[in-house]
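In: sequence first, predicted model second:
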Amino acid sequence: MIGTIKEASMIDEIAVQQVMARYVRATDRRDGTVLAELFEEVGAVEIFHRLDGTETPLGMLEGRPAIAMAVATMMKPHGTTDWSHHTTFDPIVAIEEQEASLDVQFIVYAVEGAPTPAGGWGAEHQGAQGTIRPIEAGYYRAKLRKRDGQWRFERLAIHHDMPFAVPNVN
Amino acid sequence: MIGTIKEASMIDEIAVQQVMARYVRATDRRDGTVLAELFEEVGAVEIFHRLDGTETPLGMLEGRPAIAMAVATMMKPHGTTDWSHHTTFDPIVAIEEQEASLDVQFIVYAVEGAPTPAGGWGAEHQGAQGTIRPIEAGYYRAKLRKRDGQWRFERLAIHHDMPFAVPNVN
Amino acid sequence: MIGTIKEASMIDEIAVQQVMARYVRATDRRDGTVLAELFEEVGAVEIFHRLDGTETPLGMLEGRPAIAMAVATMMKPHGTTDWSHHTTFDPIVAIEEQEASLDVQFIVYAVEGAPTPAGGWGAEHQGAQGTIRPIEAGYYRAKLRKRDGQWRFERLAIHHDMPFAVPNVN
């Protein structure tokens, strides 16, 4: 059902937010093909991290094939019991004719469900079993363009609050 | 003030999101009556959890009385100092005349405020005192219907990421 | 780009949400001047905390200068590697001509990025390095007024779920 949404008739501000909502769904499903389709053919992703307090470029992906491949190669696949949620908050959207800017806060959660114990759950266990941990935070800042009634990312900048480990190869 | 909002004149996508916003408020207040009113009379809630990687039915509630009673009997009441926040993110809404679909991510937080120490707070304490823990995560997927200008849930599916303990009765 | 958004032409419900989105951005940047501009000149902030289960007034700020000063004096400045995210969820907005009410849930996260180790990151480190902790939660409940096409807070009530330590001066 989600795949058939007619965003063409939507309020632009809402349609733009839903591009981001589909982006986080595709990320959590590790679906690079669907994710790349949310970008213009020449769309780009720029990734920054904050290294000892200084915003520093971490990576750059240009074009749909590069974006789709990055999801497959740079993101750890989910195992049987784990999942992730890329969540966004407090969108600031500006529309100017066929162009839009979008600024959201994000937090990424790692979810790890507990396996069923060999003898079943004891009476001391109640409710959801497992852990949910916030592992990344920052801002997504995007420019989008509307073509044929469909908004897509021209450029998405991912600004991480924290540094990413780039292992020392020595 | 919240009770008198005229959603009839709202953009449908926003009105649908606000049904969910009222649902999470009613859940956190353990107000089954208000929560049940957000559903059609024959509305239903279906609950799924992920058991060793497989989505598995956990429960089904049909009709307002069953939904209202579940809030009273299945949800742990809040104590003096605790609270919960059912939070939702990244809505994907689709409207088709008098029907709507809504897909949101959710995380539930358990908040436990600290009691005031016998001798008052020492100088080593600053800011908010207590703990906030994410305890549940997943997706809400809903179908809604508009009648007399009011959107209500026809069906709400709660998809938990993690397994729920069903204690072994042996 | 964010500074030049023309909210005057926006759907009111979205424009009101964006005032809150700008408020949390200004809070996290500790920018009292920008934050105070989101209020009417005679706007006010009321802060409540929950002390052993009882909602209790914690503070009151009236007028832009007091609000701007509070950001500078009451909020801990960020260090080199830390950051915060005031995040809001599930807005319930009601518009009545030039007045609006807004009710959102909030959670505040403290982010602490790890400094780069002297010898660089070892192979055992992957992904984002640091911690993200939820430290405050509650509800923002606001009244806003539209003047010359611009929505601003008349009054913002901050309802914390947890008690704030007020150190014993004895």
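Out: Arrived safely, thanks for sending.
In: next helix or strand past the lowest-mean-pLDDT helix or strand in chain A?
Out: Least confident helix or strand, chain A: helix A:64-74 with a mean of 93, by mean pLDDT, DSSP states H and E. Reading on from helix A:64-74 to the C-terminus, the next helix or strand found by DSSP states H and E is strand A:82-96.
In: for the longest strand seen in chain A, give the mean pLDDT please.
Out: As assigned by DSSP state E, the longest strand anywhere in chain A is strand A:130-147. Mean pLDDT, strand A:130-147: 98.
In: same deal with stretch A:82-92?
Out: The model assigns stretch A:82-92 a mean pLDDT of 98.
In: mind listing what's buried in that stretch?
Out: Residues A:82-92 are the ones in stretch A:82-92 that count as buried (16 or more other C-beta atoms under 10 Å in any protein chain shown). For glycine as for every other residue, the C-beta is placed from the backbone atoms N, C-alpha and C.
In: which one among those residues gets closest to B:Leu156?
Out: Nearest to B:Leu156 out of the buried residues of stretch A:82-92 is A:His85 (C-beta to C-beta; 18.7 Å).
In: isn't the closest one right up against A:Asp28?
Out: Yes: taking contacts as C-beta atoms under 8 Å, A:His85 lies within contact range of A:Asp28: 6.1 Å.
In: and the pLDDT at the residue nearest to the spatial centre of chain A?
Out: For chain A, the residue nearest the mean C-alpha position is A:Val24 (3.7 Å; C-alpha atoms, centre = their mean). A:Val24 carries a pLDDT score of 98 in this model.
In: so how far is chain B from it?
Out: Using C-beta to the nearest C-beta, to the nearest Å, A:Val24 is found at 5 Å from chain B.
In: tell me which helix or strand that residue sits in.
Out: Here A:Val24 is assigned to helix A:12-28, by DSSP H and E.
In: distance between that helix and the chain's centre?
Out: Taking C-alpha atoms, centre = their mean, to the nearest Å, one finds helix A:12-28 lying 9 Å from the centre of the chain it belongs to.
In: and it, C-alpha only, in PDB?
Out: Output in PDB follows, covering the C-alpha atoms of helix A:12-28 (Å, rounded to 0.1, in the frame of the first residue of the first chain):
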ATOM      1  CA  ASP A  12       4.700  20.100  -0.900                       C
ATOM      2  CA  GLU A  13       6.000  20.400   2.700                       C
ATOM      3  CA  ILE A  14       4.400  17.100   3.500                       C
ATOM      4  CA  ALA A  15       5.600  15.400   0.300                       C
ATOM      5  CA  VAL A  16       9.100  16.500   1.000                       C
ATOM      6  CA  GLN A  17       9.000  15.100   4.600                       C
ATOM      7  CA  GLN A  18       7.800  11.800   3.200                       C
ATOM      8  CA  VAL A  19      10.800  11.500   0.900                       C
ATOM      9  CA  MET A  20      12.800  11.500   4.100                       C
ATOM     10  CA  ALA A  21      10.400   9.100   5.700                       C
ATOM     11  CA  ARG A  22      11.000   6.700   2.800                       C
ATOM     12  CA  TYR A  23      14.700   7.200   2.900                       C
ATOM     13  CA  VAL A  24      14.900   6.100   6.600                       C
ATOM     14  CA  ARG A  25      12.700   3.100   5.800                       C
ATOM     15  CA  ALA A  26      14.900   2.000   2.900                       C
ATOM     16  CA  THR A  27      18.100   2.500   5.000                       C
ATOM     17  CA  ASP A  28      16.700   0.300   7.800                       C
END
